[in-house]
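J.: what follows is a predicted structure for the sequence shown.
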Amino acid sequence: MEQQQNAKVILGGNTFELPVMVGTEGERGIDISKLRSLTNYVTFDHGFGNTSNCESAITFLDGEAGVLRYRGYPIEELAEKSSFIETAYLLVYGSLPTSEQLRAFSESFNQHSMLHEDMKNFFKGFASNAHPMSILASMVCSLAAYYPGIDAMNPTQADFDRIVVQLMSKVRTIAAFAYKKSQGQPFVYPRYDLEYIPNFLNMMFSSPINEYKIYDEVVQALKVLFILHADHEQNCSTSTVRLVGSAQANLYASITAGICALWGPLHGGANEAVIDMLELIHKDNDDVDKYVEMAKDKSNRFRLMGFGHRVYKSYDPRAKIIKRCAHDLLAKLGIDDPLLEIAVKLENKALTDPYFIERNLYPNVDFYSGIIYRAIGIPKDMFTVMFAIGRLPGWIAHWKEMMDNPAGKIGRPRQIYVGPTQRAYVSINKR
Ligand code: ACO
């Protein structure tokens, strides 16, 4: 990496020099790793809004310009021309596969799509109203007990290749089984003759008395959503995967932590929260203006879900594609969803309101995705599970990139302590 002229920090009359790093797209960062040993100061950055934790060659994002690229390829091109499996290969292995590599990669998904039969017993133990994200996290962590893990620090290439496919393929089966559990229906096993997304749809929606008809429009829409969710550099869940993995935790454990982080409504759980919000507005006579006003009111905790982003200060390029995709799919399936109309009204109202304009708040990836899932028949509490299926290749790619870095360190932030200073213990009868 090219090095620029040093940054200077002046503290107590002394000047200290810190190196400046420059990324391949020209972003600059001040390397403060020696700051404390030089000055005894640490930096403070609530929510890591201005802190890089790593160098990464996976995803480039320019939030001001609305640019997103995986391994250099624009997200728009991948969403249109690639498949989810090809994009996953690109993220995990760094380059687009040859046709032979892609064939072998896709084929291996079939070999690893089943769950160990004993694991089916786990599903029996969950309450029938268990949230599928809770089931997903528990089951992914349990995979470590059934399938040999890999040596986090020293995986052989063959072990790593196997675990990538195992995770991606079995997570899809776990997700479909979690849904079947919630419906009280028998599990539908994966099929060898179906590709990744049709196989998932079949496991979700077929039953012993009804074979689900797989529509190409639905497969295409899910493909676009999975590709758009596949990575987003150092977001909350990916940073969690890296932080847990930095302790040399195995890949299953690290991914489980990522799934739990994703569940939160400020992150991947927002897709479910958006539909809750749109349903609420619909029940309230579609009164969009009232909810926009509520979102602006600082004495009210209500926020427009699916709006705003830590790094995008312009329209999220993923939301643009998803919005178009939602309109197309509903038109093709002949569905008239009042929630889509409310979402469009809400967006138009917010984007012309000074509060949202001044703060650069735009729809994010979660704003329109739920409308697509609803049209497909996927229930609300499964939305974040769908996000997790899509995000898996990104989490794996980041874990691997971190493990491959010989200079890797355990993640361990500092703090500014603001608690009591030393005081003497007072025994209970004197308090
Ligand atoms: N509705 C109303 N006001 C908002 C919203 C919103 N959705 N988002 C941000 N703001 C306001 C904040 O109140 C703040 O106002 P202030 O400057 O007057 O205090 C300002 O915009 C900046 O917001 P922050 O919360 O400081 O931004 P931050 O980067 O910390 O948070 C976040 C980003 C969590 C995404 C936030 O915009 C939010 O809560 N959005 C709704 C939840 C959501 O959609 N999450 C999904 C994000 S995409 C993803 O993770 C996959």
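T.: Yep, it's here.
J.: so who does the closest residue to Arg162 other than its chain neighbours touch?
T.: With Cβ to Cβ, 6 or more residues apart in numbering as the criterion, Arg162 has its nearest non-adjacent residue at 7.5 Å, and that residue is His112. Every C-beta, even on glycine, is put in place using the N, C-alpha and C of the backbone. When contacts are counted by Cβ atoms under 8 Å, 6 or more residues apart in numbering, His112 touches Arg162, Val165, Gln166, Ser169, Lys170.
J.: pLDDT at His112, what is it?
T.: We have a pLDDT of 93 for His112.
J.: can you count the residues close to the residue of the stretch 51-200 of the chain found nearest the ligand?
T.: When distances are taken as Cβ to the nearest ligand atom, the stretch 51-200 of the chain reaches nearest to the ligand at Gly63, 10.2 Å away. When counting by other Cβ atoms under 10 Å, one arrives at 15 neighbours for Gly63.
J.: check the gap between the closest residue to it other than its chain neighbours and the ligand for me.
T.: Closest residue to Gly63 apart from its sequence neighbours, by Cβ to Cβ, 6+ apart: Val311 at 3.8 Å. Distance, Val311 to the ligand, by Cβ to the nearest ligand atom, to the nearest Å: 8 Å.
J.: who wins for most neighbours among the contacts of His112?
T.: Going by other Cβ under 10 Å, Lys170 tops the contacts of His112 with 24 neighbours.
J.: OK, contacts around the residue of the stretch 151-300 of the chain found nearest the ligand?
T.: Closest to the ligand within the stretch 151-300 of the chain is Ala270: 3.6 Å, counting by Cβ to the nearest ligand atom. Taking Cβ under 8 Å, 6+ apart, we find Ala270 in contact with Met305, Gly306, Asn364, Asp366.
J.: which of the residues you listed sit farthest apart?
T.: Farthest pair in the contacts of Ala270 (Cβ to Cβ) is Met305 and Asn364. Separation: 9.4 Å.
J.: near the ligand, which residues of this protein are found?
T.: Within reach of the ligand by Cβ under 6 Å from any ligand atom, the chain has these residues: 47, 235, 266-268, 270, 295, 303-310, 359, 361, 364-366.
J.: now do 8 Å
T.: With Cβ under 8 Å from any ligand atom as the criterion, the chain meets the ligand at residues 47, 49, 232, 235-236, 262, 265-268, 270-271, 273-274, 295-296, 298, 302-311, 316, 355-356, 359, 361, 364-367, 387.
J.: rewinding a little: the contacts of Ala270 in helices, which ones?
T.: Asp366 (DSSP state H).
J.: need the contacts of Ala270 in TSV with pLDDT, can you?
T.: Below are the contacts of Ala270 laid out as TSV (pLDDT from 0 to 100):
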residue	pLDDT
Met305	97
Gly306	97
Asn364	95
Asp366	95
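J.: now the contacts of Ala270 in a markdown table, with neighbour count?
T.: Listed next are the contacts of Ala270 as a markdown table, based on neighbours: other Cβ atoms under 10 Å:
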| residue | neighbour count |
| --- | --- |
| Met305 | 23 |
| Gly306 | 27 |
| Asn364 | 23 |
| Asp366 | 29 |
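J.: nearest to His116, of the contacts of Ala270?
T.: Nearest to His116 among the contacts of Ala270, counting by Cβ to Cβ, is Asp366 at 33.1 Å.
J.: ok, the closest one to Phe200 distance?
T.: For Asp366, the distance to Phe200 equals 20 Å [Cβ to Cβ, to the nearest Å].
J.: thinking again about what came up before, out of the contacts of His112, which is nearest to Val224?
T.: Closest to Val224, out of all of these and judged by Cβ to Cβ, is Ser169, at 20.4 Å.
J.: report the secondary structure state of that closest one.
T.: When classified by DSSP: H, G, I helix; E, B strand; the rest coil, Ser169 comes out as helix.
J.: let's have the chain start at 11 instead
T.: Noted, 11 is the first residue going forward, which turns the last one into Ser179.
J.: read off the pLDDT value for the residue of the stretch 161-310 of the chain closest to the ligand.
T.: pLDDT at Ala280 comes out at 97.
J.: next up, phi/psi of it, please.
T.: Dihedral angles of Ala280 (phi, psi; degrees, to the nearest 10) stand at phi -70, psi -30.
J.: distance check, it against Gly318.
T.: Ala280 is 10 Å from Gly318, by Cβ to Cβ.
J.: any residues in contact with both of those two?
T.: Counting by Cβ under 8 Å, 6+ apart, the common neighbours of Ala280 and Gly318 are Asn374.
J.: what about the closest residue to the ligand within the chain, how many neighbours?
T.: The chain approaches the ligand most closely through Gly318 (2.4 Å), counting by Cβ to the nearest ligand atom. Using other Cβ under 10 Å, Gly318 has 22 other residues around it.
J.: can you check Gly418 too?
T.: Every residue meeting other Cβ under 10 Å relative to Gly418 is counted, giving 16.
J.: where does it land in three-state SS?
T.: Relying on three-state DSSP, one would call Gly418 coil.
J.: distance check, it against Ala263.
T.: 17 Å.
J.: cool, Leu402 as well?
T.: In terms of Cβ to Cβ, Leu402 sits 15 Å off from Ala263.
J.: so for the two, which residue has more residues nearby?
T.: Leu402 (26 against 19).
J.: in a helix, the more buried one, correct?
T.: Yes: according to three-state DSSP, the state of Leu402 is that of a helix.
J.: contacts only, for the residue nearest to it when sequence neighbours are not counted.
T.: Once flanking residues are discounted, Leu402 sits nearest to Met178: 5.5 Å by Cβ to Cβ, 6+ apart. Going by Cβ under 8 Å, 6+ apart, Met178 touches Ala98, Phe119, Leu402, Pro403, Ile406.
J.: how close does Met178 get to Tyr206?
T.: Separation of Met178 from Tyr206 (Cβ to Cβ): 8 Å.
J.: anything in contact with each of the two?
T.: By Cβ under 8 Å, 6+ apart, Met178 and Tyr206 have these common neighbours: Phe119.
J.: count the residues that sit near the closest residue to Lys130 other than its chain neighbours.
T.: Leaving aside its sequence neighbours, Lys130 sits nearest to Phe197 (Cβ to Cβ, 6+ apart; 6.9 Å). Using other Cβ under 10 Å, Phe197 is surrounded by 15 other residues.
J.: I'd guessed Phe197 sits against Met129; true?
T.: No: under the criterion of Cβ atoms under 8 Å, Phe197 is not in contact with Met129, lying 10.9 Å apart.
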